[in-house]
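Visitor: Give me the fold of what follows.
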Amino acid sequence: MSAVPRRSLLALALTAAGGLTGGCDASGPRGTIRLATGPEGGPYAVFGSRLADEVHRAHHELTVRVLTTAASVENLRMLADGRADVAPALADSAADAAAGRGTFRRPVPVAALARLYLNYLHLVVPADSAIYEPAQLAGRTISLGAAGSGTSVSAGRVLDAAGVRSPRDVRLGLGESVAALREGAVAAFFWSGGAPTRAIAELARELPVRLVPLGDLAARLRRAHGPVYETVSIPAGAYGHGGPTATVGTPSYLVCRTGLGDDIARAVTEVLFERRDRLPVPDAPGSRLDERYAIGTGAVPLHPGSAAYYRSVHG
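Guide: Residues are numbered from 1 along each chain as shown. Next up, the predicted model:
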């Protein structure tokens with residue numbers, strides 16, 4: 001890829017967003033935002049709860065209702081049918097929603113406020129497991145992640161890319177997956193999140209675990225599903241294992257329905273960056289909110305109100 005000045009890339013992204021607005025109304029945004037998040041206690045729920053508090057502190061006339069969900073896919077469906085206004089979602093699920101493909105029968109009117117952070121796809125097995133590559137999952141009981149989650153979408157695509165057909169899969173959230181592996185009810189589970197993820201680190205202190213490398217599959221996933229997948233490494237020692245583990249990385253976006261008011265979209269985006277040190281994001285390379293990458297939301301266009309904020313900051 002040829003070098004392009006970052007300001008030029010920003011200008012292109014903002015132009016593509018279209019319909020830029022100026023500043024917010026002098027009285028400030030007001031109303032109620034419905035923020036779909038994820039399972040109770042999970043990273044999206046924790047992030048969403050803190051974001052809700054910070055938005056209200058910054059804009060007293062804005063109230064944020066936090067909704068507990070199964071995460072990405074359910075969040076996008078809630079935006080589609082008007083049950084939610086804003087939500088985090090994995091980039092692959094968000095791109096599917098925008099295009100009306102995969103689990104979405106028609107395009108969802110979805111826009112992006114920001115790219116939030118990078119997620120690392122984990123395939124977790126007991127340390128003494130005979131599973132060393134995804135193909136060895138055939139015929140075994142595995143958890144793909146909760147039904148309606150972005151993890152389950154990514155995991156299903158990894159299995160397809162690895163040629164694993166008709167595994168005995170179950171759909172369990174992270175806490176349930178951890179318990180099932182500890183009890184021997186599943187041979188492995190998938191999870192997409194930060195590295196380390198606290199629940200997996202806690203499991204590793206009770207039951208030695210190992211991560212199965214997935215990095216070789218990123219190129220196949222890009223060819224089949226688009227450029228939202230990249231090869232990344234889970235740091236050495238994250239869960240007590242040896243060297244770094246190559247896997248598939250996918251960003252999380254903060255998305256919204258396209259009909260969200262420009263002033264509200266701009267206000268939420270502003271809070272993301274002005275109060276980012278108060279927002280919990282995973283501790284891993286590429287995980288921190290960063291203006292350099294925030295506008296990189298791929299097939300999901302920036303909301304005009306969000307684009308207006310970036311233009312006001314970066315010119």
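
Visitor: longest single strand anywhere in this protein?
Guide: Criterion DSSP state E: the longest strand present in the chain is strand 110-126.

Visitor: residues in contact with the helix or strand just after that strand?
Guide: Later in the chain than strand 110-126, the nearest helix or strand by DSSP states H and E is strand 141-143. For strand 141-143, the surrounding residues in contact (CB atoms under 8 Å, 6 or more residues apart in numbering) are 167-172, 176-177, 180-181, 185-190. All C-beta atoms are positioned from the backbone trio N, CA, C, and that covers glycine.

Visitor: Sheet partners, orientation included, of strand 141-143?
Guide: Using DSSP bridges, the strands paired with strand 141-143 in its sheet are strand 168-170 (parallel), strand 188-193 (parallel).

Visitor: next helix or strand past the first one?
Guide: Pointing back at strand 168-170 there. Moving toward the C-terminus from strand 168-170, the next helix or strand (DSSP H and E) is helix 174-183.

Visitor: now that next one and strand 188-193, what's the angle there?
Guide: Orientation check (axes from the mean of the first three to the mean of the last three CA atoms, to 10 degrees): helix 174-183 against strand 188-193 gives 150 degrees.

Visitor: pLDDT averaged over helix 174-183, what's the number?
Guide: If you average the pLDDT over helix 174-183, you get 96.

Visitor: That helix packs against which elements?
Guide: strand 110-126, strand 141-143, strand 188-193, helix 198-206 (3 or more CB pairs under 8 Å, 6 or more residues apart in numbering; DSSP states H and E).

Visitor: Among those, single out whichever gets nearest to residue 162.
Guide: For these, proximity to residue 162 was assessed by CB to CB; strand 110-126 is nearest, at 10.0 Å.

Visitor: picking up where we left off before, just the buried ones from the contacts of strand 141-143?
Guide: Neighbour counting by 16 or more other CB atoms under 10 Å classes 167, 169-172, 176-177, 180-181, 186-190 among the contacts of strand 141-143 as buried.

Visitor: biggest separation within those residues, which pair?
Guide: Longest span within the buried ones among the contacts of strand 141-143, CB to CB: 167 and 176, 17.4 Å.

Visitor: can you map out the helices along the chain?
Guide: Taking DSSP state H as the test, the helices found in the chain are 6-17, 43-58, 72-80, 91-99, 150-161, 174-183, 198-206, 218-225, 262-274, 291-294, 304-314.

Visitor: Residues contacting the fifth one, please?
Guide: What that stands for is helix 150-161. 71-73, 89-90, 92-93, 96, 102-103, 121, 123, 134, 137, 144-146, 167, 171, 190-192, 214, 217, 220-221, 224-225, 248, 250.

Visitor: So what does residue 301 look like in phi/psi?
Guide: With angles defined as degrees, to the nearest 10, residue 301 sits at phi -70, psi 150.

Visitor: Not counting sequence-adjacent ones, nearest residue to residue 71?
Guide: Spatially, and ignoring its direct neighbours in sequence, residue 71 is nearest to residue 38 (3.9 Å; CB to CB, 6 or more residues apart in numbering).

Visitor: Share the number of residues neighbouring that neighbour, please.
Guide: When neighbours are defined as other CB atoms under 10 Å, residue 38 has 29 of them.

Visitor: likewise the one 5 residues further on?
Guide: Applying the criterion other CB under 10 Å, we find 25 residues in the vicinity of residue 43.
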